[in-house]
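Undergrad: Just need the structure, nothing else, for what follows:
(one chain, ligands or ions: 1)
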Amino acid sequence: MQPTWVRDPSLAGEGVQKIELAESLMPVLNMVRARLAVEKPFKGITIAACLHVTKETAVLLRALRDGGAKVAIAASNPLSTQDDVAAALAAEGFHVYAFKGMSTEEYYTAIGYVLNHNPDITVDDGADLVSTLHKIYHGRMDSTSSIAAGVVGVEKVRQIARKVLGGTEETTTGVIRLKALAREGMLLYPVVAVNDARSKSLFDNPLGTGQSTLDGIMRSTNILLAGKNLVVCGYGRVGSGIAERARGMGARVTIVEPDPIKALQAYMAGYQVTTMAKAATYGDIFITATGDINVIRREHIEKMRDGAILANAGHMDVEIDKEGLRKMAVSVDRPRPCMEVYRMADGRHIILLGEGRLVNLVCAEGHPSEVMDLSFSIQAESIRYIVENHENLAPEVYDVPSEVDKGVAYLKLKSVGVELEELTDQQKTYLSAWFYGT
Ligand code: ADE
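TA: So this is what the prediction gives:
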């Protein structure tokens, strides 16, 4: 069995320092970890994770290990791994299969390696681990799952699929894929949708992605946002967070959104709302956050201004038609890390950041630790919930139990010294009764 696969083990010292910094900003996860360390609910449990390998993920993995788990982790994006953190985790004995700049072949080989550990629990961010396992189990093999199957063997994957107790999923795109699996009756074990917990999605998605997306754009371009026409495609939790932060920095924000309610929300929040075809003519910066495919296409790129910048904040690298952009270009330059400049035959140049992959993780460091404190505390508690309750769970997608969701919010408030108002008995009765009228 491959023990680890990282870029440069000598970076471990730097990685440890970064993990310690993150730890100092994640008080809730530290509290969760302290309890896990005493109660050891994961004793004898092997966890296979497919997560972005960042300093915050390292804090989560340490908590799971202290709870008794053996942990193997593959990257959940070919470009998001922080190599020093991966080296530090490997030095601490975690089975890490991740480095920045993996090819598709390497990415799915790493997924094969984590499956080889015979997991009891899967932890996913984007559902590549679960979907690979399900493709192999159900004989729906494609080019990527064949790579993983080549590492583990089809029969062993089938055995693993039958023994997994359950899983968790970190992100919107992953939950959508899992619900599709469940709808088709193909989901093999229960999965908790960590993404949908209120303590996660009301903070991580708008604030975490909102800030780190702009961080990624600024680090890779050093552009001034004030006065720029910034187009956000998608006004969901992530898009609305990006828009709000960009406006706060002085950008003139336009929203492109097909859903009438979300578009109306954007309009009432004071944004310009229009179609992609129109926004394409005047935008300086375009950010996709839709979860859908081909949101920015050739017909849009053809109309864009010279110097337009394209970035993606959605989980998959399918929102911007990279292939189309490549075909339109006569040459490509890489003047800065994370930036590709495509020169068009008509003399314009169009700038693509982070190869159209998650700009916040590829060109910056992902969500700040303070917000991952919430998301990963929910993760740890949800894993525990599955380990302790799997016998009563069907192969469906479950919400995070409300007491876990509220409990994490409560601990976060406690960590920042905020006191909660308590309802009187009279107020509680009033809120639950039907007979009080006007
Ligand atoms: N997803 C977004 N930001 C992240 C981070 N900092 N660590 C792990 N996963 C993330």
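Undergrad: May I have stretch 209-228 exported as PDB, CA atoms only?
TA: Output in PDB follows, covering the C-alpha atoms of stretch 209-228 (Å, rounded to 0.1, in the frame of the first residue of the first chain):
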ATOM      1  CA  THR A 209     -16.100  32.100  -0.300                       C
ATOM      2  CA  GLY A 210     -17.000  35.800  -0.700                       C
ATOM      3  CA  GLN A 211     -13.800  37.000   1.000                       C
ATOM      4  CA  SER A 212     -11.400  34.400  -0.300                       C
ATOM      5  CA  THR A 213     -12.600  34.700  -3.900                       C
ATOM      6  CA  LEU A 214     -11.800  38.400  -3.900                       C
ATOM      7  CA  ASP A 215      -8.500  37.500  -2.100                       C
ATOM      8  CA  GLY A 216      -7.700  35.100  -4.900                       C
ATOM      9  CA  ILE A 217      -8.400  37.700  -7.600                       C
ATOM     10  CA  MET A 218      -6.400  40.400  -5.800                       C
ATOM     11  CA  ARG A 219      -3.400  38.100  -5.100                       C
ATOM     12  CA  SER A 220      -3.200  36.900  -8.600                       C
ATOM     13  CA  THR A 221      -3.700  40.300 -10.400                       C
ATOM     14  CA  ASN A 222      -3.100  43.000  -7.800                       C
ATOM     15  CA  ILE A 223      -6.000  44.800  -9.500                       C
ATOM     16  CA  LEU A 224      -7.900  47.700  -7.900                       C
ATOM     17  CA  LEU A 225     -11.500  46.700  -7.400                       C
ATOM     18  CA  ALA A 226     -12.800  50.200  -6.800                       C
ATOM     19  CA  GLY A 227     -14.700  51.500  -9.900                       C
ATOM     20  CA  LYS A 228     -14.500  48.200 -11.800                       C
END
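Undergrad: Contacts for it, please.
TA: 238, 241-242, 244-246, 249-252, 284-285, 287, 289, 309, 311, 313, 336-339, 351, 353-354, 359-368 (CB atoms under 8 Å, 6 or more residues apart in numbering). For every residue, glycine as well, the C-beta is placed using N, CA and C.
Undergrad: among these, which ones are buried?
TA: Among the contacts of stretch 209-228, those scoring as buried are 238, 241-242, 244-246, 251-252, 284-285, 287, 289, 309, 311, 313, 338-339, 351, 353-354, 359-368 (criterion: 16 or more other CB atoms under 10 Å).
Undergrad: Among these, which ones are in strands?
TA: Secondary structure defined by DSSP state E assigns Arg252, Ile285, Ile287, Ile309, Ala311, Met339, Ile351, Leu353 of the buried ones among the contacts of stretch 209-228 to strands.
Undergrad: Tabulate these (JSON lines), appending pLDDT and distance to Trp434.
TA: Below are these laid out as JSON lines (pLDDT from 0 to 100; distance: CB to CB, whole Å):
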{"residue": "Arg252", "pLDDT": "98", "distance to Trp434": "49"}
{"residue": "Ile285", "pLDDT": "98", "distance to Trp434": "52"}
{"residue": "Ile287", "pLDDT": "98", "distance to Trp434": "46"}
{"residue": "Ile309", "pLDDT": "98", "distance to Trp434": "55"}
{"residue": "Ala311", "pLDDT": "98", "distance to Trp434": "51"}
{"residue": "Met339", "pLDDT": "98", "distance to Trp434": "60"}
{"residue": "Ile351", "pLDDT": "98", "distance to Trp434": "59"}
{"residue": "Leu353", "pLDDT": "98", "distance to Trp434": "54"}
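Undergrad: Ramachandran coordinates for the closest residue to Arg357 other than its chain neighbours?
TA: Among residues not flanking Arg357 along the chain, Asp317 sits closest, at 4.5 Å (CB to CB, 6 or more residues apart in numbering). Dihedral pair for Asp317: phi -90, psi 40, per degrees, to the nearest 10.
Undergrad: Would you check how far apart Asp317 and Val231 are?
TA: Remark: distance between Asp317 and Val231 (CB to CB, to the nearest Å) = 19 Å.
Undergrad: What about the ligand: which of the buried ones among the contacts of stretch 209-228 touch it?
TA: The subset of those within reach of the ligand, by CB under 6 Å from any ligand atom, is Leu361, Gly366, His367.
Undergrad: which residues does whichever residue of the stretch 301-438 of the chain sits closest to the ligand contact?
TA: Across the stretch 301-438 of the chain, no residue is closer to the ligand than Gly366, which sits at 2.9 Å (CB to the nearest ligand atom). Applying CB under 8 Å, 6+ apart, we find Gly366 in contact with His52, Thr54, Glu56, Ser80, Gly208, Ser212, Asn360, Met372.
Undergrad: Could you report the pLDDT at it?
TA: Note on Gly366: pLDDT of 98.
Undergrad: Setting the sequence-adjacent residues aside, check what's closest to Asp259.
TA: Tyr235 (7.8 Å).
Undergrad: And Ser145, by the same measure?
TA: Lys135 is the one closest to Ser145 (CB to CB, 6+ apart), at 3.9 Å.
Undergrad: same thing with Gly68?
TA: Lys43 (3.6 Å).
Undergrad: any idea how far the one you found is from Arg305?
TA: Lys43 is 59 Å from Arg305, by CB to CB.
Undergrad: again with Met102
TA: Counting by CB to CB, the separation of Met102 from Arg305 is 34 Å.
Undergrad: Look at the two and report which has more neighbours.
TA: Met102 (22 against 14; other CB atoms under 10 Å).
Undergrad: wait, the more buried one sits on Ala74?
TA: No: using CB atoms under 8 Å, Met102 makes no contact with Ala74, being 9.3 Å away.
Undergrad: So which bits of the stretch 251-400 of the chain are right by the ligand?
TA: Taking CB under 6 Å from any ligand atom as the contact definition, the stretch 251-400 of the chain meets the ligand at Leu361, Gly366, His367, Met372.
Undergrad: Could you list every helix and strand in contact with the top helix by length along the chain?
TA: If you go by DSSP state H, the chain has its longest helix at helix 369-389. Judged by 3 or more CB pairs under 8 Å, 6 or more residues apart in numbering; DSSP states H and E, helix 369-389 is in contact with helix 12-24, helix 27-39, helix 55-66, strand 121-124, strand 166-169, strand 191-193, helix 198-201, helix 402-415.
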